[in-house]
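**Q** Here is my input; please provide its structure:
(2 chains)
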Amino acid sequence: MMGLGLGAVALAAQWVKGPSALLVAVAMLAMAIGLIYTAFAGGLEARKSLAPYGLLKPGIIWLCLFFLAPLWSMVVMSLSSKTGRFDFFPDFTWNFENYRIALTKFRPQFIRSFSYAGIATLLTVVIGYPLAYFIAFRGGKYRNILLGLVVVPFFTSYLIRTLAWNNILADEGPVVSLINTLQLSGIFEWLNIMQNGKLMNTPAAVIGGLTYNFLPFMVLPIYVSLEKIDVRLVDAAMDLYSSASQAFRKVVLPLSLPGLFAGGLLVFIPAAGDFVNAQFLGNPQTTMIGNSIQDQFLRQLNYPVASAMSFVLMIIITIIVLIYTKFMGTEDLA
Amino acid sequence: MSTAFSKRQKAGQRVVNIAAGAALLYIFVPIFVIVLFSFNEPKGKYNIKWQNFTLDNWAHPFVEKELTSALWVSLRIALIATVISTILGTLIALSLSRYKFKASGAVNLFLILPLTAPEIVLGSSLATLFLNRSVGFGYLTIIIAHVMFQISFVAVTVRARIRGFDWTLEQAAQDLGATPSRAFWKVTFPLILPGIMAAALLSFALSVDDFIITFFNAGSLVTFPLQIFGASRVKISPQINVLASMLLFVSIGLMAGAMALSRRREHRHTSVVRKKS
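**A** The predicted structure follows:
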């Protein structure tokens, strides 16, 4: 146990730079003292109670060093300023200018990210709910196979899956020619799904890609919550003269809400931070915040502004997650 | 009245069936396209428009040297990262499901956080830390990053699989004179192994496929997804589709195998129970 305290303090102090090191060290020291105290002051029982912490130790330390500590570096970086383009070690200067840039210059990207992700989430509900419902109530002995089919896309590369939409939506591709033969392009243009006779490189293509890529994250949690429903509840509702749709609205739907919300979170978060779909299926007017962070960080080498954008994104998503866990707990997310 | 009612009900059922079928179709169209275009003979550099059927690409799947070596880099990284994360994640899962302790709620929340943080935040913040500490980007940084997001995944998955595990079995072994470690390795471990293997397989797949986090922490090292991303601007070769199809078939085979195995186990288990009664 002493290892945890001393080792982690030493590691963290080495690892995290500047003002943050002190903070982390103090927190770890407090933890260590607590553990050492229990180990020595308590008897056998108390020492046994430390067993769970011993098992947690390596994994949690890894997460502290490579998940928590980086977040702190990001915050420090987001308030630093660069002296020149190739200044790789910006100094911490309480530079809030980075946040002003993140929220003004990149406001369209933020708005686009959240609206695209929001629309994609709604679409995954529309497409995924009937599928989950079918698997849960009509799947019978094929349930597991159907669930396997839902996750098959995960077995191909994410990028290749997205590129495949390039084949499907291409200007001379099957979908565009079908629309043209049926002379429906007017309707699609009016709906803003098509732009200038193209399906590719439009907002709709980006949203469609996001919807496709994250659909399984919606289907699986909805399935889990539907599967738990006791079918006799529906029978009872019908016995009490509810119609099928009433039974659905008053019994099945409310009971599946936990899965629906969990799925919503699991789709919305990766969709909001994604930049692959916007890169492959969009145009310069459909860039999302992920594209901007990536561009600022890896191309412009503007780490402070990129960090400020990342931090804003994380804060917004953390607030959403905290509201969710306050009402729903953490069980359904796993 | 009642016939009209059931007619409407039937129509409703049919709508659900059709919607579910359409959703499955939607899931499979791109998969089908990926495999189909591995048999295409593209004119020019982009394998986007269907031209002619050919088996050439499958006859020479590894001619794209950079793509192949990138795939090996990815598999190597995934192997190492998966071993580390499976061990660390399983320890966390054991601790959480076996013991009741005060901090378990906090640990639970802490585990969920990396899973709910956007990848771009995880990737860019870790890269910031590595930059600050002047850590050279390469294998080490990618493996560290992958283990970081895999740990939570493994811990959560294994915990879900061993929920409801009967820990008194271990006590029984100890009552019969086994040492605690022997009881664990001879009784508990074989029983929770399928859950651990499932988590390891899935996190291996996550590692091979990870793009966003790797993109920030790779430096000049090129993994399979990075190669595809870089190449997509200049050239999309059909070999990409061939390798992707191979990965697809291997994973489907593994999954089907695992499913069949667990079904046989279940079957054996139920038949044993039946024999006893």
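**Q** ok, and the closest non-adjacent residue to residue B:202?
**A** Distance criterion Cβ to Cβ, 6 or more residues apart in numbering or on different chains; nearest residue to residue B:202, sequence neighbours excluded, is residue B:157 at 6.7 Å. Any C-beta I mention is one placed from the backbone N, CA and C, and that applies to glycine too.
**Q** show me the contacts for that neighbour.
**A** A:334, B:89, B:93, B:195, B:198, B:199, B:202, B:203 (Cβ atoms under 8 Å, 6 or more residues apart in numbering or on different chains).
**Q** of the residues you listed, closest to residue A:310?
**A** Of all the contacts of residue B:157, residue A:310 sits closest to residue B:203, with 24.2 Å by Cβ to Cβ.
**Q** so when I look at that closest one, I'm seeing a helix, right?
**A** Yes - membership of residue B:203 in a helix is supported by DSSP: H, G, I helix; E, B strand; the rest coil.
**Q** which residues touch it?
**A** Applying Cβ under 8 Å, 6+ apart to residue B:203 gives the contacts B:81, B:82, B:85, B:86, B:89, B:150, B:153, B:154, B:157.
**Q** So stretch B:115-135, near chain A or not?
**A** Yes - using Cβ under 8 Å from any Cβ of the partner chain, stretch B:115-135 reaches chain A at B:115-122, B:124-129, B:131-133.
**Q** Need the buried ones from those residues selected in ChimeraX.
**A** Here is the ChimeraX selection string for the buried members of the residues of stretch B:115-135 next to chain A, based on 16 or more other Cβ atoms under 10 Å in any protein chain shown:
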select /B:115,116,117,118,119,120,121,122,124,125,126,127,128,129,131,132
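**Q** in chain B, which spans are strands?
**A** Remark: no strands are assigned in chain B by DSSP state E.
**Q** residue nearest the centroid of it?
**A** Closest residue to the average C-alpha location of chain B: residue B:202 at 2.5 Å, with Cα atoms, centre = their mean.
**Q** before we move on, back to that, among the contacts of residue B:203, who's most crowded?
**A** Most neighbours among the contacts of residue B:203, by other Cβ atoms under 10 Å in any protein chain shown: residue B:154, with 31 neighbours.
**Q** For the nearest residue to it once chain neighbours are set aside, which residues are in contact?
**A** The shortest distance from residue B:154 to any non-neighbouring residue, by Cβ to Cβ, 6+ apart, is to residue B:89 (2.7 Å). Residue B:89 is in contact with A:59, B:150, B:151, B:152, B:153, B:154, B:155, B:157, B:158, B:199, B:203, counting by Cβ under 8 Å, 6+ apart.
**Q** In the stretch 1-150 of chain B, what residue lies closest to chain A?
**A** residue B:118 (2.8 Å; Cβ to the nearest Cβ).
**Q** Might you report the residue contacts of that residue?
**A** So residue B:118 contacts A:269, A:270, A:272, A:273, A:290, A:313, A:314, A:317 (Cβ under 8 Å, 6+ apart).
**Q** Can I get those in TSV including neighbour count?
**A** Below are the contacts of residue B:118 laid out as TSV (neighbours: other Cβ atoms under 10 Å in any protein chain shown):
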residue	neighbour count
A:269	24
A:270	21
A:272	27
A:273	26
A:290	30
A:313	25
A:314	22
A:317	21
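**Q** So which of the residues you listed reach chain B?
**A** Counting by Cβ under 8 Å from any Cβ, the members of the contacts of residue B:118 near chain B are A:269, A:270, A:272, A:273, A:290, A:313, A:314, A:317.
**Q** the helices in the stretch 101-250 of chain B, which residues?
**A** B:104-116, B:119-132, B:139-161, B:168-175, B:180-183, B:189-209, B:212-217, B:224-231, B:238-276 (DSSP state H, counting those that start in this stretch).
**Q** And the residue in the stretch 151-300 of chain A positioned nearest to chain B, what's its pLDDT?
**A** Closest contact between the stretch 151-300 of chain A and chain B, by Cβ to the nearest Cβ, is at residue A:273 (2.8 Å). With respect to pLDDT, residue A:273 scores 95.
**Q** Can you check the pLDDT for the residue nearest to it when sequence neighbours are not counted?
**A** Leaving aside its sequence neighbours, residue A:273 sits nearest to residue B:118 (Cβ to Cβ, 6+ apart; 2.8 Å). For residue B:118, the pLDDT comes out at 94.
**Q** Can you spell out which helices and strands pack onto the helix or strand bottoming out on mean pLDDT in chain B?
**A** Here the helix or strand of chain B ranked lowest by mean pLDDT, DSSP states H and E is helix B:238-276, holding a mean of 77. Applying 3 or more Cβ pairs under 8 Å, 6 or more residues apart in numbering or on different chains; DSSP states H and E, one finds that helix B:238-276 contacts helix A:143-151, helix A:158-169, helix B:2-36, helix B:56-59, helix B:65-98, helix B:189-209, helix B:224-231.
**Q** Can I get those helices in a markdown table including distance to residue A:78 and mean pLDDT?
**A** Listed next are those as a markdown table, based on distance: least, Cβ to Cβ, whole Å; pLDDT from 0 to 100:
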| stretch | distance to residue A:78 | mean pLDDT |
| --- | --- | --- |
| helix A:143-151 | 36 | 90 |
| helix A:158-169 | 28 | 91 |
| helix B:2-36 | 37 | 85 |
| helix B:56-59 | 46 | 88 |
| helix B:65-98 | 28 | 94 |
| helix B:189-209 | 28 | 90 |
| helix B:224-231 | 26 | 92 |
